[in-house]
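[1] model this:
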Amino acid sequence: MKLADYFNQYNLSTDNIEEFEEFKKFLLEYNEHTNLTRITDDDDFNVKHFLDSLSIFRTKLIDHDKKIIDIGTGAGFPGIPLKLYDKSLDITLLDSLKKRIDFLNLVIDKFELKNIEAIHARAEEIARDVKYREQYDIAISRAVANLATLSEYALGFVKVGGYFISQKGPEYKDEIKDAENAIKIMGAEIEDVIKVPLPNDIEHYLVVIKKVKTTNKKYPRGGGKPRKNPL
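    Purely as a prediction, here's the structure:
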């Protein structure tokens with residue numbers, strides 16, 4: 001199915017559809033010499049990269065001018081599709097691999113995107129920087145890590161009253177149970193879980209976590225502890 005058909009099926013605006021197609025082409029060409037994604041089939045790309053990313057709008061939390069950080073963005077998902085769809089969003093793309101950030105800076109230049117930056121850093125380190133700590137309305141991540149780990153990485157960036165949205169598969173219930181302590185320690189609570197229907201029977205869920213109080217300054221922990229020894 002064509003991308004425009006998918007957008008119409010999911011009631012998404014097609015105003016910027018050409019930019020989505022151009023970004024896909026640019027990424028897949030770049031991917032031939034620098035490995036950024038294993039998803040190269042056109043239909044899989046449309047569903048698993050574009051529709052998956054834009055599903056975050058279903059939370060009703062992403063609206064004009066929101067300040068968002070995408071943690072472990074990889075090749076720019078979900079951050080780049082969100083920005084292409086709504087140019088008013090203020091996006092920070094964060095990743096620990098320089099080759100990904102180099103690519104994302106090329107994307108930013110190519111599409112002349114404003115109010116977006118790509119940062120090469122580790123989340124547990126930059127979350128302690130006053131420039132970034134508790135400065136964001138929304139933190140998002142579809143990085144491959146358990147929810148307890150991701151919550152420690154992400155919630156230090158979120159201002160009180162803001163949200164961390166984690167994209168998960170069918171294992172989300174077990175992950176929520178294991179992450180309850182980490183979420184509480186980071187000053188947050190689970191507000192909602194939204195099931196998002198995607199083509200090809202893909203099970204996709206948005207775990208919506210609200211920041212209710214300031215995070216203790218000793219979190220996130222450094223030295224890889226959030227991954228090695230989740231809270």
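[2] quick one: the helices in this protein?
    Along the chain, counting by DSSP state H, helices occupy 3-9, 17-31, 42-45, 52-54, 79-85, 98-110, 123-126, 147-154, 172-185, 225-228.
[3] Sketch out the low-pLDDT regions of the chain for me.
    Residues of the chain that meet the criterion pLDDT under 70 are absent altogether.
[4] which residues sit against stretch 63-71?
    Counting contacts by Cβ atoms under 8 Å, 6 or more residues apart in numbering, the residues outside stretch 63-71 that touch it are 62, 76-79, 82, 86, 88-94, 123, 132, 135-141, 143, 150, 153-154, 157. For glycine as for every other residue, the C-beta is placed from the backbone atoms N, C-alpha and C.
[5] can you pull the contacts of I80?
    Residues touching I80, when contacts are defined by Cβ under 8 Å, 6+ apart, comprise 23, 53, 73, 93, 104, 107.
[6] circling back: now restrict the contacts of stretch 63-71 to buried residues only.
    62, 76-79, 82, 86, 89-94, 123, 132, 136-141, 143, 150, 153-154, 157 (16 or more other Cβ atoms under 10 Å).
[7] ok, back up a step: could you dump the contacts of I80 into a markdown table and include distance to D44?
    Compiled in a markdown table, those are given as follows (distance: Cβ to Cβ, whole Å):
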| residue | distance to D44 |
| --- | --- |
| F23 | 16 |
| S53 | 14 |
| T73 | 19 |
| L93 | 22 |
| L104 | 21 |
| V107 | 20 |
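[8] So which of those is the closest to Y6?
    Minimum distance to Y6 across the contacts of I80 is 12.2 Å, recorded for S53 (Cβ to Cβ).
[9] residues touching that closest one, list them.
    Counting by Cβ under 8 Å, 6+ apart, S53 makes contact with 77-82, 142.
[10] Identify the residue nearest it in space, chain neighbours excluded?
    On the basis of Cβ to Cβ, 6 or more residues apart in numbering, the spatially nearest residue to S53 that is not a chain neighbour turns out to be P78, at 3.3 Å.
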